[in-house]
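Student: kindly generate the corresponding structure for this input.
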Amino acid sequence: MNRWIVVSETRLDPEKPMRRGVDCEALRKHGRRHIIEYEAMNCRKHSALLTDFGGVGDGKTLNTKAFKYAIQNLSKLAVDGGAQLIVPPGKWLTGSINLTSHFTLFLHKDAVLLGSEEESEWPLLPALPSYGRGRDGPDGRFSSLIFGTNLTDVIVTGNNGTLNGQGQIWWKKFKASKLTSTRPYLIEFMYSNQIQISNITLIDSPSWNIHPTYSSNVLVQGVTILAPVDSPNTDGINPDSCNNTRIEDSFIVSGDDCIAVKSGWDQYGNRFGMPTTNLTIRRVTCISPDSATIALGSEMSGGIRNVRAEDIIAINTESAIRIKTAVGRGAYVKDIYARRFTLKTMKYVFWMTGDYGSHPDEGYDPKALPEITNINYSDFVADNVTISAKLAGIDGDKFTGICISNVHIQLAEKAKKLQWNCTNVEGATRNVIPNPCATLPAKGKACPFPNDKLPMEEIQLKTCSIRNSF
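Tutor: Numbering: from 1, shown residues only. Next up is the predicted model:
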């Protein structure tokens with residue numbers, strides 16, 4: 001077993017001694033208080049502090065250049081066991097940061113990354129090819145606070161350090177229609193493989209919080225996401241055209257969907273053709289009074305398939321699961337499995353929308369109809385609910401294969417008289433209270449949930465360590 005946990009072979013300042021390493025046996029003799037352990041897909045051989053590269057954590061000094069210098073230097077160690085950059089206690093003002101492969105960004109519990117309020121600190125990027133334009137305007141988009149593209153083996157973690165997007169200034173610009181480019185996200189990785197985002201807190205994002213896109217083998221674990229419930233488009237976690245993603249053990253308060261599963265927009269998503277597949281969501285708590293716990297769409301034009309959600313809690317949230325699509329989207333949402341949801345104070349439990357009509361431009365194909373099929377919901381308990389279900393398919397394009405079983409919904413004092421509003425849907429139910437609509441008759445067995453494990457569920461994390469020398 002390797003006896004060294006922290007090694008730095010890069011001399012950062014010729015006047016300072018190099019960190020040669022910490023002997024684990026010596027650490028055991030002096031107690032475990034000198035090290036911080038964390039779990040990760042991969043541990044790193046080399047380590048450095050942001051302060052080694054000129055970082056100043058006073059909340060006023062801009063650290064964009066310090067991060068860039070640090071990552072450029074540490075990237076050279078990718079071929080020799082990789083490197084981790086430790087952000088020590090302090091408030092670290094910065095613009096967008098580009099990460100590198102075989103790299104860990106570790107945020108100490110008393111470290112706060114503050115997103116700069118200056119637009120010049122957020123480089124402009126072209127629109128995503130599967131979207132054709134920005135979400136906030138016709139132009140491109142601002143780079144995210146933590147960003148990376150074409151990376152392998154990248155980790156953003158900590159012992160509950162914080163990313164603060166300082167989104168208030170961006171929300172004001174958006175509400176005043178002063179933006180032609182899309183607001184930055186807090187974390188975004190593109191065209192990347194082996195991504196881990198864990199054990200950090202994200203607050204006040206300018207827009208979406210976590211956005212892995214065109215990526216595979218993604219783990220989001222143990223994150224806390226906080227935004228005012230009236231903040232615009234502050235989605236929690238949005239896997240977008242990703243394969244093999246695992247989201248778990250997280251708490252989200254959002255102004256939009258807590259988790260939104262996406263895969264491109266209309267004709268651009270159809271042409272790009274990259275679905276979101278093999279997605280596991282478990283042990284997540286959501287609070288979002290005006291949006292969904294889990295949304296599938298509305299940008300789903302590359303397809304969404306094989307989603308498994310279980311052991312979910314939603315409180316004061318608009319809906320549990322919402323499928324959002326429209327004429328012009330094309331593609332599919334199918335093989336969806338959800339079970340063991342506990343819901344408190346909801347407008348809807350089940351919601352499907354076939355006329356979610358926003359389009360990137362007039363070039364979409366009105367003949368491109370989505371296929372919504374094999375949707376399975378079981379073991380839901382809900383209290384204080386206004387409407388049990390609003391399920392609206394598309395004329396000439398019914399949503400089929402809907403299965404709902406073992407559901408008990410306790411209605412609110414001012415619940416709507418019509419509890420199940422169903423059009424253009426087909427399926428079956430079993431043991432559902434209140435009684436469902438006629439197009440979902442009571443028959444058959446309980447809805448299935450697959451017994452096999454998806455690839456990301458098989459991933460075992462390693463215990464990694466850093467020396468607490470700050």
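
Student: contact partners of stretch 421-429?
Tutor: Stretch 421-429 is contacted from outside by 352, 354, 375, 387, 389-395, 397-405, 407, 436-444, using Cβ atoms under 8 Å, 6 or more residues apart in numbering. Where you see a C-beta, it was placed from the backbone N, CA and C, and this is true even at glycine.

Student: who touches Gly357 in this structure?
Tutor: Ala326, Val327.

Student: one more time with 6 Å
Tutor: Shown in contact with Gly357 (Cβ atoms under 6 Å, 6 or more residues apart in numbering): Ala326.

Student: next, give phi and psi for Val79.
Tutor: When quoted as degrees, to the nearest 10, the phi and psi of Val79 stand at phi -80, psi 0.

Student: quick check: closest non-adjacent residue to it.
Tutor: Leaving aside its sequence neighbours, Val79 sits nearest to His102 (Cβ to Cβ, 6 or more residues apart in numbering; 8.0 Å).

Student: any idea how far that neighbour is from Pro212?
Tutor: Look at His102 and Pro212: by Cβ to Cβ, to the nearest Å, they are 18 Å apart.

Student: tell me the bridge partners for Ile394.
Tutor: Note on Ile394: beta-bridge partners by DSSP bridges are Asp397.

Student: how close does it sit to Asn424?
Tutor: 6 Å.

Student: what are the ranges of the helices in the protein?
Tutor: For the chain, helices defined by DSSP state H occupy the ranges 24-29, 64-74, 168-175, 266-272.

Student: may I see the buried residues of the longest one?
Tutor: When you say that, I think you mean helix 64-74. Under the neighbour-count criterion of 16 or more other Cβ atoms under 10 Å, helix 64-74 has Thr64, Ala66, Phe67, Lys68, Tyr69, Ala70, Ile71, Asn73, Leu74 buried.

Student: and the first one, what does it touch?
Tutor: So the one you mean is Thr64. Counting by Cβ under 6 Å, 6+ apart, Thr64 makes contact with Thr94, Gly95, Glu121.

Student: neighbours of the closest residue to the last one other than its chain neighbours, how many?
Tutor: Same thing as Glu121. Nearest non-adjacent residue to Glu121, counting by Cβ to Cβ, 6+ apart: Gly95, 2.7 Å away. The local packing of Gly95 (other Cβ atoms under 10 Å) involves 23 other residues.

Student: try the one 5 residues further on
Tutor: By the criterion of other Cβ under 10 Å, Thr100 has 21 neighbours.

Student: what's opposite Gly427 in the beta bridge?
Tutor: In beta-bridge terms (that is, DSSP bridges), Gly427 pairs with Ile402.

Student: how about Thr463?
Tutor: Here Thr463 sits in beta bridges with Glu39, going by DSSP bridges.

Student: before we move on, what about Ile304?
Tutor: Thr276, Val333.

Student: what's the answer for Phe142, then?
Tutor: In beta-bridge terms (that is, DSSP bridges), Phe142 pairs with Leu124.

Student: make sure it is actually in contact with Ser120.
Tutor: No. Look at Phe142 against Ser120 with Cβ atoms under 6 Å: they stay out of range, at 10.5 Å.

Student: neighbour count for those two, which is higher?
Tutor: Legend: neighbour count by other Cβ under 10 Å for Phe142 and Ser120, higher for Phe142 (26 against 7).

Student: sorry, back to before: want to throw the contacts of Thr64 into CSV with pLDDT?
Tutor: Output for the contacts of Thr64, formatted as CSV (pLDDT from 0 to 100):
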residue, pLDDT
Thr94, 98
Gly95, 98
Glu121, 98
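
Student: closest to Met190 among those?
Tutor: Among the contacts of Thr64, Gly95 lies closest to Met190 (Cβ to Cβ), at 18.2 Å.

Student: mind listing what the closest one touches?
Tutor: Contacts of Gly95 by Cβ under 6 Å, 6+ apart are Thr64, Ser116, Glu121, Trp122.

Student: neighbour-wise, which one of those leads?
Tutor: Of all the contacts of Gly95, Trp122 has the most neighbours under the rule other Cβ under 10 Å, reaching 24 neighbours.

Student: isn't that residue up against Asn98?
Tutor: No. In this structure Trp122 lies outside contact range of Asn98 using Cβ under 6 Å: 12.0 Å.

Student: what do those two both touch?
Tutor: By Cβ under 6 Å, 6+ apart, no residue touches both Trp122 and Asn98.

Student: now do the same contact list for the nearest residue in space to Gly264 that is not next to it in sequence.
Tutor: Computed as Cβ to Cβ, 6+ apart, the closest residue to Gly264 that is not its neighbour in sequence is Ser130, at 3.2 Å. Ser130 sits next to Ser241, Gly264, Tyr268, Gly269, Phe272 when contact means Cβ under 6 Å, 6+ apart.

Student: check Gly393 too.
Tutor: Counting by Cβ under 6 Å, 6+ apart, Gly393 makes contact with Gly354, Phe399, Asn424, Val425.

Student: which residue is the nearest non-sequential neighbour of it?
Tutor: That would be Asn424: by Cβ to Cβ, 6+ apart, it lies 3.0 Å from Gly393.

Student: stretch 449-456: end-to-end distance?
Tutor: 17 Å (Cα to Cα, to the nearest Å).

Student: contacts for it?
Tutor: Asn244, Arg246, Asn278, Thr280, Tyr337, Arg339.

Student: and of these, the nearest to Ser319?
Tutor: Nearest to Ser319 among these is Arg339, at 16.6 Å by Cβ to Cβ.

Student: how about that closest one, what does it touch?
Tutor: If you count contacts by Cβ under 6 Å, 6+ apart, Arg339 has them with Glu310, Ser378, Asp379, Phe449.

Student: farthest pair within the residues you listed?
Tutor: Greatest spacing in the contacts of Arg339, by Cβ to Cβ: Glu310 and Ser378 (9.7 Å).

Student: of the two, who's got more company?
Tutor: Higher neighbour count among Glu310 and Ser378: Ser378, with 22 against 18, using other Cβ under 10 Å.

Student: contacting residues for that one?
Tutor: Residues counted as contacts of Ser378 (Cβ under 6 Å, 6+ apart) are Arg339, Ser405, Asn406, Ala446, Cys447.
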